[in-house]
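Novice: sequence and computational prediction follow.
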Amino acid sequence: MRGIKKIIVHCAATPSAMDIGAEEIDVWHKQRGFDEIGYHYVIRRCGKLEKGRDIAKAGAHCRGHNFSSVGVCLVGGIDEHGQPCDNFTNQQKRKLQQLLNFLTLTFDEAEVVGHRDVKGVKKACPSFDVRSWYYGD
């Protein structure tokens, strides 16, 4: 198994009215030239967890960190004007909490971060402070 150092939370950069899942993101990523979806997990608006890329494979979600990380994507993250927005549902946040708890037990050296927290990333993704939310800082 890969040496997982980070669990990176992303958003799909979709408005709240757009309910998509791993299947749609897989199509988008293939259109961008990926072999398959870049994320390992996707959490839909209703809180349903969908599997993406096999966890044993390096992701394609954060350049320079794909081999040593797990990518989790929350559907949503922008408002109707395309601006960053923490518009995630309570169901999504509950499922994210459960998933992160499982992943940090599985990969006990892994740190939970938002995509925006990774050095060199100049995005608001996932549109909220994941570290503070998860660790209670």
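Specialist: It's in. Numbers count the residues shown, from 1 in each chain.
Novice: isn't residue 71 up against residue 8?
Specialist: Yes. Between residue 71 and residue 8 there is a contact at 5.5 Å, judged by Cβ atoms under 8 Å. Glycine gets a C-beta too; all of them are placed from N, C-alpha and C.
Novice: residues touching the residue lying closest to residue 89 once chain neighbours are set aside, list them.
Specialist: With Cβ to Cβ, 6 or more residues apart in numbering as the criterion, residue 89 has its nearest non-adjacent residue at 5.7 Å, and that residue is residue 45. Counting by Cβ atoms under 8 Å, 6 or more residues apart in numbering, residue 45 makes contact with 16, 19, 75, 76, 89, 91, 92.
Novice: then residue 87?
Specialist: Per Cβ under 8 Å, 6+ apart, neighbours of residue 87: 15, 16, 76, 77, 78, 79, 127.
Novice: go again with 7 Å.
Specialist: With contact set as Cβ atoms under 7 Å, 6 or more residues apart in numbering, residue 87 has these partners: 16, 76, 77, 79.
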